[in-house]
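Visitor: One predicted model, sequence on top.
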Amino acid sequence: MAKDTAARTAEARAAAIRRAVRAVKRGSFASYGEIARRAGLPGRARLVGQVLRNSGDLRLPWHRITGAGGRVAFAPGSTSAREQLRLLAAEGVKIRGHRAVVERTAASTRSLDALLWKL
DNA sequence: CTGATGACTGATA
DNA sequence: CTATCAGCCATCA
């Protein structure tokens, strides 16, 4: 029973996205757009959100995925938003208001990529 | 088929 | 800081 090409590619994309999400190191975070790019799907940030929503409880570190600039995608004060911020804070990520921020050292000549991924 | 929606983003005002 | 807009794409009514 060969699956449709469309369905197969959709699965492949979801798999790539899940890989990218799992690749986010503990104590760091990445935006939907960054995940999409890393999954080989530039410009498909919304797809990342769909996949995460669909994946639901799967063992993905969903809390490490934020909107652009570290903004939490959930509504401020919502259960999910508070949970995400709590989990991030528990991993040592600095939280300011409704978003996660990267603590940068003075001597950082690191690239933006390195900052985002704490390599 | 069309149109609305959403765990998005970057530009512009 | 907020608001609007144009891209983007799977999913649903």
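Guide: Arrived safely.

Visitor: Let me know how buried A:Gly27 is, in neighbour terms.
Guide: By the measure other C-beta atoms under 10 Å, the count of residues near A:Gly27 is 13. No exception for glycine: its C-beta is placed from N, CA and C like everyone else's.

Visitor: Distance of it relative to DNA strand C?
Guide: 23 Å (C-beta to the nearest atom of the strand, to the nearest Å).

Visitor: low pLDDT regions in chain A?
Guide: A:1-4, A:6, A:104-119 (pLDDT under 70).

Visitor: Tell me which residue is most central in it.
Guide: A:Ile65 (2.3 Å; C-alpha atoms, centre = their mean).

Visitor: Run through the bridge partners of that residue.
Guide: A:Ala30 (DSSP bridges).

Visitor: Run through the residues that contact it.
Guide: Contacts for A:Ile65 (C-beta atoms under 8 Å, 6 or more residues apart in numbering) come out as A:21, A:24, A:29-32, A:35, A:48, A:52, A:73.

Visitor: Let's see which of these end up in strands.
Guide: Among these, the members found in strands (DSSP state E) are A:30-31.

Visitor: Buried only: go through the contacts of A:Ile65 for me.
Guide: Buried members of those, counted by 16 or more other C-beta atoms under 10 Å: A:21, A:24, A:29-32, A:35, A:48, A:52.

Visitor: Which one of those residues is nearest to A:Leu88?
Guide: Nearest to A:Leu88 out of the buried ones among the contacts of A:Ile65 is A:Phe29 (C-beta to C-beta; 6.4 Å).
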